[in-house]
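Q: Got a predicted structure plus its sequence, pasted below:
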Amino acid sequence: MNKSDSERIAGYLERLGYVWTDKREKAGVVVTTTCGVRQSAEDRVYGIVPKIKKENPKAVAVVTGCLAGRTDVQKRLKESVDIWLPINDLDGLGRRLQNIVPRHPTSVIEVGCRGIRKSDSSPASRRTRNDKEGSIGGYLSINPKYESNISAFVPIGNGCNNFCAYCVVPYARGREAYRPAEEVLAEVKSLVKKGYKEIILIAQNVNSYKSEVRNSKSETNPKSKIPASPELQRGEQNQKLTPINFARLLKQVNSISGNFWIRFATSHPKNMSEELIETIAGCEKVCHQIHLPAQAGDNEVLKRMNRKYTREHYLGFLKKIRAAMPDASISTDVIVGFPGETKQQFKNTEKLFRQAKFDMAFIAQYSPRPGTAAARFKDDVMKREKKRREEALTKILRQTALTNNKKYLGKTVEVMIDGRKNEVRFGKTKTGKNVKVKTGVNGKMRIGDIVKVKIDAVKEFNLSGTAARSLK
Ligand code: SF4
């Protein structure tokens, strides 16, 4: 989401007349998109932001993202930041930049919390802004400056209503707001027309998506195995707006003509539905890669986390997913050492890991986030115990991921090429597995090509094989 925010900020600044620079020390404006999900992410910001100001004191330093609204962060970084920007107030950035005489009027650089993206700017022309900017819907409507030529994040919503006890998102991003389906579909169509091969629909909780859509025959893909829903079929006849949820949005995106793959993140287990599983299984462009954050495997801990589901509910959905899509790869997020998590409760998370047989997991040691409900709990699991728990889950993950990957040995799978080094190409399967591709007979593979690859070696977190032939 932060990468997508950065792309939208870059698009907004371009509309104001700014251009990218790759010389950070000469940039006129530097935007840092911050992440506050864990203390380690926050600590990186305390390193990056002062460094930017030190190497280029004349730059207008803007900080946005999850940490921008925290008064303690503002106090700590006050010497290094000129503008604190709520992510849904890009109009505010335009106004405030206009009030600050650019000290290097020729460049802007944008920094994401997970890497540095470079840009150039020149605030020569300031075009009229879209009336909708300044609202959350308006912010999502801004045309982004996409970082990649083949893969694009398309936000379908922002914010969260769930208030998990450890999480800052509902405070930092506000309540859920969803983008009109027509606008999402228009952005995807435009990307596909430009040759994008991978569309990643993103929101904090895609499963809560709500909108309306006017269906049309031109959007219906006759090859789709999934028929339009009865509501959409009725909509097709009378052209009225009909309500749609995420599963139906996926069907609509799937029915856009073109040769592309669809991924999405993130799904909340409490909102997972059988309709969504059937849709993913039946839509030929939707990748069988599902990220379903479990967070814990113990019901008492899940309750204290305010997750509103049980381990039985979670495992039940995994069973349904694997029954509908035996090839699905499933990843998760989990927190170890949540306040009060006993050794026995952690054992239940280990058990969940063994039962779930994850392909990937993002394992975080709990750190209190100021302002959240859990920040009031006693952070009573020792650091070294958190580390031990993280290592224990990593060990299980390595075993299950390797066992899952062994099923690919000798199989030929589709791989989208997204990188290269000399004669070797890198890419991803539809299930999200990283693949190292020896070019074989197909030496002319380009970034964005989808090729058939015969898998001849596997590790825990990647596969390798030889290209058989290019599909596109
Ligand atoms: S669902 Fe929970 S963890 Fe996810 S963004 Fe919302 S509050 Fe945070």
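A: In hand now; what should we look at?
Q: Residues of the chain that sit close to the ligand?
A: For the chain, the residues found near the ligand under the criterion CB under 6 Å from any ligand atom are Cys160, Asn162, Phe163, Cys164, Cys167, Val169, Pro170, Gln204, Asn205, His268. Using the backbone N, CA and C atoms, a C-beta is placed for each residue, glycine as well.
Q: Among those residues, find me the one that's closest to Cys66.
A: When the residues of the chain next to the ligand are compared for distance to Cys66, the smallest value, 7.1 Å, is given by Val169; criterion: CB to CB.
Q: Could you check how far Pro180 is from Glu390?
A: Counting by CB to CB, to the nearest Å, the gap between Pro180 and Glu390 amounts to 41 Å.
Q: brain fart, Leu85
A: If you go by CB to CB, the gap between Leu85 and Glu390 works out to 34 Å.
Q: ok, and what's touching the lengthiest helix in the chain?
A: Ranked by residue count under DSSP state H, the longest helix found in the chain is helix 383-406. Where contact means CB atoms under 8 Å, 6 or more residues apart in numbering, the residues beyond helix 383-406 that reach it are 329, 334, 336-337, 346, 349-350, 353-354, 356-361, 363-366, 381, 433, 458-461, 463.
Q: now do 6 Å
A: The set of residues external to helix 383-406 that reach it, using CB atoms under 6 Å, 6 or more residues apart in numbering, is 336-337, 346, 353-354, 357-359, 361, 363, 365, 458, 460.
Q: about what we covered before: compare Leu85 and Glu390 and say which is more crowded by neighbours.
A: Leu85 (21 against 17; other CB atoms under 10 Å).
Q: Which strand residues bridge that one?
A: Beta bridges link Leu85 to Thr64, judged by DSSP bridges.
Q: show me the contacts for it.
A: In this structure, Leu85 makes contact with Val62, Thr64, Ala68, Leu93, judged by CB under 6 Å, 6+ apart.
Q: Switch the contacts of helix 383-406 over to TSV; also include secondary structure and pLDDT.
A: Listed next are the contacts of helix 383-406 as TSV, based on DSSP: H, G, I helix; E, B strand; the rest coil; pLDDT from 0 to 100:
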residue	secondary structure	pLDDT
Val336	strand	98
Gly337	coil	98
Phe346	helix	98
Phe353	helix	98
Arg354	helix	98
Lys357	coil	98
Phe358	coil	98
Asp359	coil	98
Ala361	strand	98
Ile363	strand	97
Gln365	strand	97
Val458	strand	98
Glu460	coil	97
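Q: From those, list the buried ones, please.
A: A residue is treated as buried here by neighbour count (16 or more other CB atoms under 10 Å); on that basis the buried members of these are Val336, Gly337, Phe346, Phe353, Lys357, Phe358, Asp359, Ala361, Ile363, Gln365, Val458, Glu460.
Q: Pull the most distant pair out of the contacts of Leu85.
A: When the contacts of Leu85 are compared pair by pair using CB to CB, the maximum separation belongs to Ala68 and Leu93, at 11.1 Å.
Q: Using the three-state scheme, assign Val31.
A: For Val31, the secondary-structure state derived from DSSP: H, G, I helix; E, B strand; the rest coil is strand.
Q: Tell me the confidence at the closest residue to Ala364 other than its chain neighbours?
A: Counting by CB to CB, 6 or more residues apart in numbering, Ile335 is the residue found nearest to Ala364 once chain neighbours are left out, at 5.2 Å. Per-residue confidence at Ile335 stands at 98 (pLDDT).
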